[in-house]
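[1] using only what follows, build the 3D model:
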Amino acid sequence: MQLRAPTEREVRELGEQLHLDLTDAEVTAFRERIADGLSAYQTVREHAGSPRPSPDREVTGGRRVAYEDPYNAWVTRCEVQTAETGPLAGWDIAVKDNVAVAGVEMTCGSQVLEGYVPASDATVVTRLLAAGGRVVGKTNMDDMAFTGNGHSSAFGPTLNPHDPEYLSGGSSGGSAIAVAEGEADLGVGADQGGSIRVPAAWCGVVGHKPTHGLVPYTGIAGIENTIDHVGPLTRDVETTGRALSVMAGKDPRDPRQPDEVPVSQYTRLDGEADGLTVGVLEEGFTRPEAEAPVNERVREGLDALEAAGATVEPVSLPLHDDAADIYTVALAEGTVAAFRGEGVGHNWQGWYNTDWVETFGKFRRAQGGDFPPSYKYNLLLGAYTADQYHSAYYARAMNLRTELTAAYDDLLAEVDVLAMPTTPQLPNKYVPDQDIHAFLDDAWGCLANTCPFNATGHPALSVPVEPGDGLPVGVMFVGEHFADRRVLEAGKALEGMR
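    Reported below is the predicted structural model:
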């Protein structure tokens with residue numbers, strides 16, 4: 001099939017979108033030139049290329065959940081196993097539904113993407129299966145990963161396993177619930193602003209956002225390449241380390257990673273408090289969203305760590321108060337760029353999932369009205385500011401990201417880890433049928449402490465402490481880039497205080 005040449009009307013409309021002020025003569029001329037230029041695209045179309053091989057294996061199930069699922073943890077149940085031996089032999093693994101498992105539908109929690117079935121695995125799935133793990137299903141998530149509290153999935157909100165009147169946190173809520181309920185040994189989560197750590201904190205499990213680039217993101221639907229992370233949710237820190245040991249490492253197809261990925265040993269953790277230095281970031285406790293029961297439980301946990309021999313001292317970084325705004329400004333235009341790049345973006349040298357690009361491109365044009373308010377808002381905000389202010393504020397925010405990274409690095413040069421509440425809030429109550437304003441007001445307050453470290457790429461771990469008002473609370477430890485083991489050691493030490 002030949003590619004269709006544009007009409008003069010289409011060229012004129014494109015020119016208006018790009019502010020090119022085309023004359024009638026130019027419209028006619030460029031229409032002809034574009035028609036000729038499509039021959040190059042036809043050449044590319046006729047090449048099959050080198051797609052990732054589809055795994056030759058049997059997939060059992062691959063069906064929508066039909067049995068009782070009181071917390072809406074699952075979208076699809078299946079059984080996929082390729083090896084019976086390995087470091088994860090016997091593990092049941094729950095995979096967030098924006099992470100590709102070949103032959104199993106991937107919805108991203110959105111009715112817009114219903115029906116998309118990837119032909120190949122995400123790299124992390126391949127690694128987990130090769131290590132003996134068994135994928136037992138795809139877990140529910142916030143629609144397009146664009147809410148932090150668990151409210152927005154097209155398949156129903158992810159509800160808190162400690163009290164279903166509350167939300168699980170998002171966007172990896174289903175994976176956290178599966179682990180908390182004992183339905184999986186490992187939940188695979190993706191984190192663009194707190195989407196592993198917030199549900200870990202609200203569901204009372206452990207969640208680790210690795211250093212940006214430590215674990216390859218290949219084959220996972222993301223939001224923006226510079227903030228996309230994938231990592232484990234488990235019931236304890238040692239299990240997190242075992243999972244990370246399998247997931248981490250270089251993938252030549254992922255340009256988010258450095259040329260050399262410094263993988264460490266993440267198991268057999270000492271968990272000794274003695275000798276550990278913890279900088280308690282005071283601004284992490286004074287966010288407008290902060291709730292007293294959270295701050296109290298976090299400080300009690302850190303006091304116990306100090307009593308066990310750790311050096312725990314307050315540190316301050318006023319720029320942390322502005323970090324969420326810096327992240328927001330950079331995210332909005334970055335999201336628009338990825339959206340216009342059909343869910344992948346442009347200008348990076350790595351593997352492009354052509355099936356995903358084509359599917360996302362078609363589906364968003366056909367059903368864009370079905371995206372959640374949070375996604376629509378960010379797209380409109382980013383498009384408006386890019387056009388009205390010529391991306392000047394995006395550029396400033398990206399420069400401020402560099403300054404923010406350096407500021408955290410300066411603090412981390414003096415301590416082993418930074419500590420603060422994972423999220424300033426207790427779990428949000430589930431309120432159905434919110435209007436747009438109420439929906440957006442609840443969507444991101446829980447991310448105030450987590451999203452800065454998506455912007456900077458530092459590793460961050462959420463570990464449970466004692467509940468507040470009967471609901472789970474998490475402490476977040478942050479470390480230097482690729483010091484993921486040190487962060488896990490701090491988490492193991494705190495875990496021993498419970």
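[2] what's the helix or strand for Glu183?
    Assigned by DSSP states H and E, Glu183 belongs to no helix or strand.
[3] give the contact list for it.
    Glu183 makes contact with 73, 92, 94, 136, 177, according to CB atoms under 8 Å, 6 or more residues apart in numbering. (C-beta placed from N, C-alpha, C; glycine too.)
[4] in a strand, the third one, correct?
    Which is Ala94. Yes. Assessed by DSSP: H, G, I helix; E, B strand; the rest coil, Ala94 belongs to a strand.
[5] neighbouring contacts of stretch 355-369?
    Residues contacting stretch 355-369 (CB under 8 Å, 6+ apart): 111-113, 116, 118-119, 221, 339, 342-344, 371.
[6] between those, which has the most around it?
    Counting neighbours by other CB atoms under 10 Å, the top entry in the contacts of stretch 355-369 is Ala221, with 28 neighbours.
[7] the most centrally placed residue in the chain and Gly284, how far apart?
    Geometric centre of the chain, nearest residue: Asp191, 2.1 Å, by CA atoms, centre = their mean. Applying CB to CB, to the nearest Å, the value for Asp191 to Gly284 is 18 Å.
[8] now, the most widely separated pair of the contacts of stretch 355-369?
    Ala119 and Phe371 (24.6 Å; CB to CB).
[9] endpoints of stretch 382-396, how far apart?
    Taking CA to CA, to the nearest Å, stretch 382-396 runs 14 Å from one end to the other.
[10] repeat for stretch 203-219
    Termini of stretch 203-219 sit 27 Å apart (CA to CA).
[11] in it, what counts as buried?
    203-219 (16 or more other CB atoms under 10 Å).
[12] repeat for stretch 275-289
    Using 16+ other CB under 10 Å as the test for burial, stretch 275-289 gives 276, 278-281, 283-285, 287, 289.
[13] these two touch, right, Gly90 and Gln81?
    No. Using CB atoms under 8 Å, Gly90 makes no contact with Gln81, being 10.5 Å away.
[14] on that earlier part again, just the ones in helices from the buried residues of stretch 203-219, please.
    Cys203 (DSSP state H).
[15] just the ones of the buried residues of stretch 203-219 in strands?
    206-209 (DSSP state E).
[16] now, among the residues you listed, which is nearest to Ser152?
    Closest to Ser152, out of all of those and judged by CB to CB, is Gly207, at 19.3 Å.
[17] bridging residues for the closest one?
    Applying DSSP bridges to Gly207 gives these bridge partners: Leu233, Ser462.
[18] per-residue pLDDT, it?
    pLDDT for Gly207: 99.
[19] how much space is there between it and Ser171?
    12 Å.
[20] now for those two: what residues contact both?
    Counting by CB under 8 Å, 6+ apart, the residues touching both Gly207 and Ser171 are Pro199.
[21] quick one: contacts for Ala308?
    273-274, 493, 496-497.
[22] just the buried ones from those residues?
    For those, buried by 16+ other CB under 10 Å: 273, 493, 497.
[23] how far off centre is the lowest-mean-pLDDT helix or strand in the chain?
    Sorted by mean pLDDT, DSSP states H and E, the helices and strands of the chain end with strand 60-64, the least confident at a mean of 74. Mean-position distance between strand 60-64 and its chain equals 25 Å (CA atoms, centre = their mean, to the nearest Å).
[24] repeat that for stretch 171-179.
    For stretch 171-179, the distance to the chain centre is 12 Å (CA atoms, centre = their mean).
[25] can you map out the strands along this protein?
    60-64, 74-80, 92-96, 134-139, 186-191, 206-209, 229-234, 277-281, 311-315, 417-421, 460-468, 471-478.
[26] CA atoms only: put the second one into CSV for me.
    Below are the C-alpha coordinates for strand 74-80, written out as CSV (Å, rounded to 0.1, in the frame of the first residue of the first chain):
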residue,chain,number,x,y,z
TRP,A,74,-5.5,-7.4,38.8
VAL,A,75,-6.4,-6.6,35.2
THR,A,76,-5.4,-10.0,33.7
ARG,A,77,-4.4,-13.3,35.1
CYS,A,78,-2.0,-15.6,33.3
GLU,A,79,0.8,-18.1,33.8
VAL,A,80,4.1,-17.6,32.0
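[27] how is the chain partitioned into domains?
    8-46, 60-495 (automatic domain parsing).
[28] let me know which of the ones you listed is tucked in deepest.
    domain 60-495 (a mean of 21; mean count of other CB atoms under 10 Å).
[29] rewinding a little: direction included, what does the least confident helix or strand of the chain pair against?
    strand 74-80 (antiparallel).
[30] sorry, back to before: can I get the buried residues of stretch 275-289 in JSON lines with pLDDT and distance to Val478?
    Formatted as JSON lines, those follow (pLDDT from 0 to 100; distance: CB to CB, whole Å):
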{"residue": "Leu276", "pLDDT": "98", "distance to Val478": "14"}
{"residue": "Val278", "pLDDT": "98", "distance to Val478": "10"}
{"residue": "Gly279", "pLDDT": "98", "distance to Val478": "9"}
{"residue": "Val280", "pLDDT": "98", "distance to Val478": "11"}
{"residue": "Leu281", "pLDDT": "98", "distance to Val478": "8"}
{"residue": "Glu283", "pLDDT": "98", "distance to Val478": "13"}
{"residue": "Gly284", "pLDDT": "98", "distance to Val478": "9"}
{"residue": "Phe285", "pLDDT": "98", "distance to Val478": "14"}
{"residue": "Arg287", "pLDDT": "95", "distance to Val478": "15"}
{"residue": "Glu289", "pLDDT": "94", "distance to Val478": "18"}
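[31] and which of these is nearest to Glu489?
    Leu276 (7.2 Å).
[32] wait, isn't the closest one in contact with Asp416?
    Yes. Assessed by CB under 8 Å, Leu276 is found in contact with Asp416 at 5.6 Å.
[33] follow-up on the earlier one: mind giving me JSON lines with the contacts of stretch 355-369 and columns for distance to Glu26 and pLDDT?
    Formatted as JSON lines, the contacts of stretch 355-369 follow (distance: CB to CB, whole Å; pLDDT from 0 to 100):
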{"residue": "Gln111", "distance to Glu26": "41", "pLDDT": "92"}
{"residue": "Val112", "distance to Glu26": "36", "pLDDT": "94"}
{"residue": "Leu113", "distance to Glu26": "38", "pLDDT": "94"}
{"residue": "Tyr116", "distance to Glu26": "39", "pLDDT": "94"}
{"residue": "Pro118", "distance to Glu26": "42", "pLDDT": "95"}
{"residue": "Ala119", "distance to Glu26": "42", "pLDDT": "93"}
{"residue": "Ala221", "distance to Glu26": "38", "pLDDT": "97"}
{"residue": "Phe339", "distance to Glu26": "28", "pLDDT": "90"}
{"residue": "Glu342", "distance to Glu26": "28", "pLDDT": "91"}
{"residue": "Gly343", "distance to Glu26": "32", "pLDDT": "89"}
{"residue": "Val344", "distance to Glu26": "31", "pLDDT": "89"}
{"residue": "Phe371", "distance to Glu26": "35", "pLDDT": "90"}
